[in-house]
Structures are given as C-alpha cells and as structure tokens.
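Q: got a structure for you, letters missing:
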DNA sequence: TTGAAAGCGCTAACAA
DNA sequence: TTGTTAGCGCTTTCAA
C-alpha cells in the first residue's frame, strides 16, 4: 500500500499533525524536525493522497470543460488549440482539467448538473456560447464559478473573454469592397451561436455602409464543418449570377468553399475570393493561403483559464470582461474582382 | 450547503447507514423504507458528494489522457476526434476524463508521475507511442493500469489497439505503382514514433517488391503539421527530377504537400499524386479530395477506453491486443502518372 | 431489516 | 514547538 503521513509519523516518532505541518511547510515547526520529516517522507516515497486532500479541503483542484460537439466525428482544430491553451494554463496553476464532449442539448446540460452537483470540479469554462445559453443560466442560478469564451444575449454579469466579431467582419467587408467586390455571399454559422450574430451583424451593417448591401439570397448557414462549407458554396455557385466573394464564418467552412470553387474550375483569389475566420494554423498553408480574421485561440484559452483560476482564489480580476480586437490576415485567397 | 445523507437520515428519522444502503439500492432494505428515502433524497435535491465517495472507495472513477503536443499552437484534428472517442465511451461507463497536454519529454513524464502517484486517475490511455517509450516503461514498472493506442519496440505485454501501418502503406504502394508511378517520394513522420517505423517499413518493402524501390533521397521527415508537409514538398519539388507521387504519413502533411504542389503550378491528381494517412473528415473535402488510408480514430478511441474500463473492473478482455486492418480511400489526389 | 461504530488520509481548531 | 481531538461524507463490517 501507499505510504501515508501516519507511516511517517510512526517512523519519526512524532504525531501526524506535526508531519502534516512539516510537509506543508508551515513555519511553526522546528527546522530540524521539519527537515527530518521531509527527508523521511522522500525516503519512504511518500506522495500525498490527493483524494484525501481534496475531500478534506472540499476542493477538487480541477477545472472542467465540456466541449460541445456535433455528431461523433467531431474534428475541429479550433478546439484542440483551445484545449491546449486552457490545459497548459491550468497545469501552471496546479489544476487538473476535466473534459467531456457532448452534443448541445439535454445530455449536455445534464453533464453540467452532474459535474456541479457532484462537486467534480471547482469551476468551469464555458465555450461557444449560445444566444440563450442554458448552461450559463444554470451556472448563474447556482452561483457556480465559471468563465466563458463568448457572450450571450441579455445581461452580461459574468466574466468572459470574447473577440469582437463585429470588428472582425468590418475588416473583412472593408477589404473585399476595396478589392471591388459588390456581390458578396456569406456562409454563416448556426444562428443560435452568439458569435454568429455578431459576425453577421458586423458584416451586414458594414456592407450596407459601403453601399454593397448583403443580398439575403446569398446568406447561407453552415455547421462550421468543411463539408458544409463545401456544400453551401457549391449551391451558391449554381446561381446564374454567382457571388464574386464568399465570406465564411470560420476557416473550416472557408476551406470547403475553396474546394467547391476549385472543383467548379474557378481560381480562388482571382475568379472568386474566399475569406475565413479563426486563422487556424492551416490557413497559412492552404492553397491558396487563406485571408482570415485572426483569433488567438491558444491565448484565449490561457486567458479564460487564468481568469477562472483567479476567481477560484478569490483574487480580483483586473478585467472581468475582455473583448479582443481582431486583426485581418490578408493572404492570396482574396483578390481584385475581375467582374 | 449541500444536502448530505446525514440530512436525509435526520429528516426520515433513520440512520445514515440505512440511508446509504437505500440510496445504493441494496436489497436488505425494506421496500417502503427504500422508497421513502429515495423520494426524500430527490425532494431535498440530494446528490452524493463524489469527493467523499471517491475517497472512501479509493477510486477516482476517472481515466487520464496526456496528449503529446509539439509547441503551443497545437492543432490536430486527429486528437480532437480521438478525444471525443475516448471521452464519450468513458462517460458511458461513468468515468470522468482527465486531460493534459504536454510536449514529449521530461515534463510529460513527470505529469505521468504526478497523476499516478497522486492517485489522480484509475487508469491511463497512452497515445502516439514511441519506439522506446518512457511512459509505458514507467507505467509497467509501477503496474499501473493503462491501454495504449500504438505499439512499442520490444516486449508487447500490455493491452493496446493499433492499426496495421505496414498493410496501410502496402495499399498505398500498390495503388501508386498500379497508376504507373515509379519515382515516389515520402514525407515520413518523426522516426521515434512507433507508427513511423511501421509505415516506412511497409512502404519501403512493398515498393521494393514491386521493383520501384524507395529512393533514399526522396525520403523526408516532417513533424505531422501541414506546415512541414508544405515545406518538405516544396523542397522535393526543387529536384531536377522530381517525384511523380508524394506519400505523406498523415493527412495534415498531405494537405501541405498539395498546397506546395499547387503553388508550383502543378495539378494534383495528374501532374503529381499525393496520398495521406488518417482519413480525417477534411480529406473528403479538400481540393482535390485526398486519397488516404482510413484510420477510424473515433472508434479506436472507443475501443481503447472500453478496454481500459474492463481492465479497471477486472473483467477479461476478449482481445487484449487489437491490430486493425486498414482500408484505402481512393480519391482524386492520385492519378495515372503522365511521365 | 436496521443501527452503531469504525475508518478512509488528511487538515485544522485548540490545548499544552 | 508539538500533540490531542474532531471531522470532512461516505461505505461497510458487525451486532442487534
């Protein structure tokens, strides 16, 4: 069996209390005693039983993340990077990371219930927020600590990090219009996602200001996968008067849209322009390289986790609500329109 | 504060023992009593404190996964799908999933130590095995339960799932040679990874059998990212006598290689053929769609987790070591050579 | 069919 | 500076 502080106490002839304090480096322990105990602990190969510690402290030292997935073949570079961002920062702070994947809906919400009520984690990170977000309503109602990546409709009385999608899309709109595009399509993301709304509003309002209003017929919705980008673009290109530019709401759909255009014999970047959103690592190495709005996902993961860690330590957040201003990465998938 | 069994006991006027047994559905409790207790528990909104349960049972009900990542901008669709496969199956079995991301090396190994010695999980899934794998050596030496995705060099006395890379590459070699290719390059993966060796051996030996031996000058090594596929392909294409086909050891590098070829003005599928390995969802929607060896990653995640769950329950595995036979997905990135 | 009591490994009041 | 004691919430002998 594993070595316990009791074993150590017996060995050194002191009480478990003293051993506990020595191991936790309290300063009300005689220096020699402390050294002796610590050395003995190492010799005996002691490691604290974290189950016991956590139980005693009523803290799990764990942060939770439930990734919303559509369908089993979930495969999104976005989330793997976010995961790394959160996980690495969590490790820095001594937190474990508990991860689940659930399709949005009842099963997802009940995963939140289980995790919260079972005291499985000290705090949660909520990602890919929805306009009306059950998860956040629930966490608020039980006052469970969380930080979200993304905002919701209604009152924003919780800590979050988000990127300003309105600004992101303005950059895209400006860029395309400057290149001469007037007939612009978009492949939006599901409207229940909060960011969809910001991005669509941003795109629509800016294009209107620029006298190139978004044609409702050219607004499609995809599910953020490459496949749906492909299919929506395919359909858009069937139009007798097809768009000269396609604005996809994420990189994956943009890649799909590029493939569709290329399969129709179009040259992306001259015959048609395509833009993405996220700046996933692949964007720089696609053919052609993708013009896209940068979203520093890894750093966002870091920030969200950092904020949560502070909340859990009852430290003050210097910024409870962070709205990042995005940059546009202009690459070869966009070019001057030839029409 | 949260409701405990003590609260319930007080309310119904019975002992905590009886309450505990009723809630765990023991059959030595009077049916009426049991019903009363269970109903009261629901009314009071009781949920067991998993911290206490776990401590008492000396089980974490948690499975661990440490994802090896290179660099912070880690973004691999492969891992997100594997994660979903493991996580969903873990949830089916009532296990939580603890995830860390660590670059291979000392920090990674010490994460294993911490997790094992701190009793943080009941068992581990090891992925992307190396030829000489510290992680596995360690887990074996302390007899900690684990299942791996991938094999290692030397004795294979532990449960694993793997896909037969030798066969996978034979399929690729047969396909390319049948299309007339004789001058074939490959972008291999880092040689310390066990699967690299199987794939390289498979490719090399089959090409030899087919009288189109692999030219050592055409064997490059990438790091599994799209970027490295791009760079290695770029370099290969500089050759005065460039290859007619490029075999990439994963899809991501294949995408990079396609971009490189296309940027050089080549048409992939006719001027040059490119193959991948994994069959990530994007492979079907790239331009052109990618010929690749299928690796059912989600299912592999399921299997690995299922096997681990059985180990932890001391159930017998019907198959302790699974070697999957891959299929080839032929798409438009490969075609008859024109040279 | 029920209850009393012990204990999992650890921390933390409080006392000495 | 150290020890005594209690207790975290739960399960599980053992006895009634």
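A: Thanks, I have the structure now. Everything numeric in this text was worked out from a predicted model, so none of it was measured.
Q: for residue A:291, give the beta-bridge partners.
A: residue A:275 (DSSP bridges).
Q: what pLDDT is listed against it?
A: For residue A:291, the pLDDT comes out at 98.
Q: what's around it, how many residues?
A: Here the neighbour count serves as a burial measure; for residue A:291 (other Cβ atoms under 10 Å in any protein chain shown) it reads 28. Just so you know, the C-beta spots here come from the backbone N, C-alpha and C atoms, and that holds for glycine as well.
Q: contact partners of stretch A:131-142?
A: Applying Cβ atoms under 8 Å, 6 or more residues apart in numbering or on different chains, the contact partners of stretch A:131-142 are A:66, A:108-109, A:112-113, A:116, A:124, A:126, A:129, A:146, A:148, A:152-154, A:157-158, A:191-194, A:197.
Q: name the residues of that stretch that are buried.
A: Buried residues in stretch A:131-142, counting neighbours by 16 or more other Cβ atoms under 10 Å in any protein chain shown, are found at A:133, A:135, A:136, A:139.
Q: thinking again about what came up before, so which of the contacts of stretch A:131-142 belong to strands?
A: A:66, A:124, A:126, A:146, A:148 (DSSP state E).
Q: name the nearest of those residues relative to residue A:277.
A: Checking these against residue A:277 with Cβ to Cβ, the nearest one is residue A:148 at 18.8 Å.
Q: how about that closest one, what does it touch?
A: Residues touching residue A:148, when contacts are defined by Cβ under 8 Å, 6+ apart, comprise A:125, A:126, A:127, A:129, A:136, A:158, A:159, A:160, A:161, A:304.
Q: how about the nearest residue to the first one, chain neighbours excluded?
A: It refers to residue A:125. When the adjacent residues along the chain are set aside, residue A:125 lies closest to residue A:65, with 4.9 Å between them (Cβ to Cβ, 6 or more residues apart in numbering or on different chains).
Q: what's the burial count for that neighbour?
A: Burial of residue A:65, expressed as a neighbour count using other Cβ under 10 Å, amounts to 24.
Q: go ahead and confirm it touches residue A:124.
A: Yes - using Cβ atoms under 8 Å, residue A:65 makes contact with residue A:124 at a distance of 7.2 Å.
Q: tell me the mean pLDDT for stretch A:310-323?
A: Averaging pLDDT along stretch A:310-323 yields 91.
Q: list of residues touching that stretch?
A: For stretch A:310-323, contacts defined as Cβ under 8 Å, 6+ apart pick out A:122-123, A:145, A:147, A:156, A:159-164, A:303, A:307.
Q: let's see 7 Å
A: Contact partners of stretch A:310-323, identified using Cβ atoms under 7 Å, 6 or more residues apart in numbering or on different chains, comprise A:122, A:123, A:145, A:147, A:156, A:159, A:160, A:161, A:162, A:164, A:303, A:307.
Q: does the first one touch residue A:57 like I think?
A: Just to be clear, that refers to residue A:122. No - taking contact to mean Cβ atoms under 7 Å, the distance of 10.2 Å between residue A:122 and residue A:57 leaves them out of contact.
Q: now do residue A:30 against residue A:244, distance only.
A: Note on residue A:30: its distance to residue A:244, by Cβ to Cβ, to the nearest Å, is 80 Å.
Q: more neighbours: those two, which one.
A: Remark: of residue A:30 and residue A:244, residue A:244 carries more neighbours, 21 against 11, as counted by other Cβ under 10 Å.
Q: against residue A:275, how distant is the nearest residue to that one once chain neighbours are set aside?
A: Leaving aside its sequence neighbours, residue A:244 sits nearest to residue A:337 (Cβ to Cβ, 6+ apart; 4.4 Å). Distance, residue A:337 to residue A:275, using Cβ to Cβ: 13 Å.
Q: between those two, which has more neighbouring residues?
A: residue A:275 (30 against 20).
Q: residue contacts, the more buried one?
A: Contact analysis of residue A:275 by Cβ under 7 Å, 6+ apart lists A:172, A:247, A:248, A:254, A:291, A:292, A:333, A:334.
Q: mind doing that once more with 10 Å?
A: By Cβ atoms under 10 Å, 6 or more residues apart in numbering or on different chains, the contact set of residue A:275 is A:169, A:171-173, A:175-176, A:184, A:186, A:245-249, A:251, A:254, A:257, A:290-293, A:328-331, A:333-334.
Q: repeat that for residue A:118.
A: When contacts are counted by Cβ under 10 Å, 6+ apart, residue A:118 touches A:60, B:2, B:47, B:48, B:49, B:50, B:51, B:53, B:54, B:61, B:96.
Q: tell me the SS of the residue of the stretch 101-250 of chain A found nearest DNA strand D?
A: With Cβ to the nearest atom of the strand, the shortest gap between the stretch 101-250 of chain A and DNA strand D falls at residue A:119, namely 8.6 Å. The three-state label given to residue A:119 by DSSP: H, G, I helix; E, B strand; the rest coil is coil.
Q: that one: neighbour count?
A: By the criterion of other Cβ under 10 Å, residue A:119 has 21 neighbours.
Q: next: residue A:10.
A: The burial count assigned to residue A:10 is 12, neighbours taken as other Cβ under 10 Å.
Q: what does residue A:194 give?
A: Based on other Cβ under 10 Å, the number of other residues close to residue A:194 is 21.
Q: residue A:259 now?
A: Applying other Cβ under 10 Å, we find 27 other residues in the vicinity of residue A:259.
Q: quick one: contacts for it?
A: Taking Cβ under 10 Å, 6+ apart, we find residue A:259 in contact with A:226-227, A:229-230, A:233-234, A:268, A:274, A:286-287, B:282, B:284-289.
Q: in helices only, show me the contacts of stretch A:131-142.
A: Filtering the contacts of stretch A:131-142 for membership in helices, criterion DSSP state H, returns A:108, A:109, A:112, A:113, A:116, A:194, A:197.
Q: so which bits of the stretch 201-339 of chain A are right by chain B?
A: Within the stretch 201-339 of chain A, the positions near chain B by Cβ under 10 Å from any Cβ of the partner chain are A:225-231, A:252, A:255-263, A:268, A:278, A:280-289, A:296-299, A:301-302, A:332.
Q: show the buried residues in the residues you listed.
A: Neighbour-count burial (16+ other Cβ under 10 Å) is assigned, among these, to A:225-231, A:252, A:255-263, A:268, A:278, A:280-289, A:296-298, A:301-302, A:332.
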